[in-house]
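Participant: heads up, no residue letters with this:
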């Protein structure tokens with residue numbers, strides 16, 4: 001009887017596919033935002049510009065050092081609630097995306113560092129500038145190195161979305 005009351009009555013079993021859809025939506029959008037932010041901050045971290053390097057280090061250290069539940073609460077109750085945004089899914093996508101960006105930045109940075117310096121030199125000897133060398137030679141090799149870790153980050157995002165219930 002309790003199973004019937006919990007799952008069958010009033011089509012409550014439909015909450016499970018809805019929740020799965022919301023979980024996948026949050027994780028997919030967050031990994032896209034995180035990949036974009038991660039790429040930007042990884043380039044900042046390997047930059048010779050000290051200001052950009054400092055910005056990236058502060059971002060990565062701060063975001064990775066604060067628990068995700070705390071970040072989610074800060075985004076929802078402190079940043080977005082006063083602005084009138086009470087859509088928990090959108091706030092969760094933004095919060096998880098920013099959090100994922102810090103981890104993806106380290107993943108991309110380590111992927112770039114894993115490429116042999118001879119590849120940079122080969123690009124230079126072909127007459128490519130730094131940007132062209134990164135786009136055509138380094139980044140394609142980097143993605144091959146970091147793809148398994150990015151898949152793990154997506155799995156972690158799926159697991160972490162369980163805490164979205166705190167705000168919605």
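Facilitator: Done, it's in. Because the structure is predicted, anything quoted here is derived from the model rather than measured.

Participant: Of all the residues in stretch 34-49, which ones are buried?
Facilitator: Neighbour-count burial for stretch 34-49 flags 34-35, 37-45 (criterion: 16 or more other Cβ atoms under 10 Å). Every C-beta, even on glycine, is put in place using the N, C-alpha and C of the backbone.

Participant: which other residues reach that stretch?
Facilitator: Here stretch 34-49 makes contact (Cβ atoms under 8 Å, 6 or more residues apart in numbering) with 52-53, 55-57, 59-60, 96-109, 112-113, 150, 153, 157.

Participant: Throw together a PyMOL command that grabs the buried residues out of those residues.
Facilitator: Of the contacts of stretch 34-49, the buried ones go into a single PyMOL selection, burial set by 16+ other Cβ under 10 Å:
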select buried, resi 52+56+59+60+96+97+98+99+100+101+102+103+104+105+106+107+108+109+112+150+153+157
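
Participant: Okay, and which of the contacts of stretch 34-49 map to helices?
Facilitator: Per DSSP state H, helices hold the following members of the contacts of stretch 34-49: 52-53, 55-57, 59-60, 96-109, 112-113, 150, 153, 157.

Participant: Tell me where the longest helix sits in the protein.
Facilitator: Ranked by number of residues, the top helix in the chain under DSSP H is helix 15-46.

Participant: now that one: how far from the chain's centre is it?
Facilitator: Chain-centre distance of helix 15-46: 5 Å, with Cα atoms, centre = their mean, to the nearest Å.

Participant: Check stretch 4-20 too.
Facilitator: Here stretch 4-20 is found 30 Å from its chain centre; the criterion is Cα atoms, centre = their mean.
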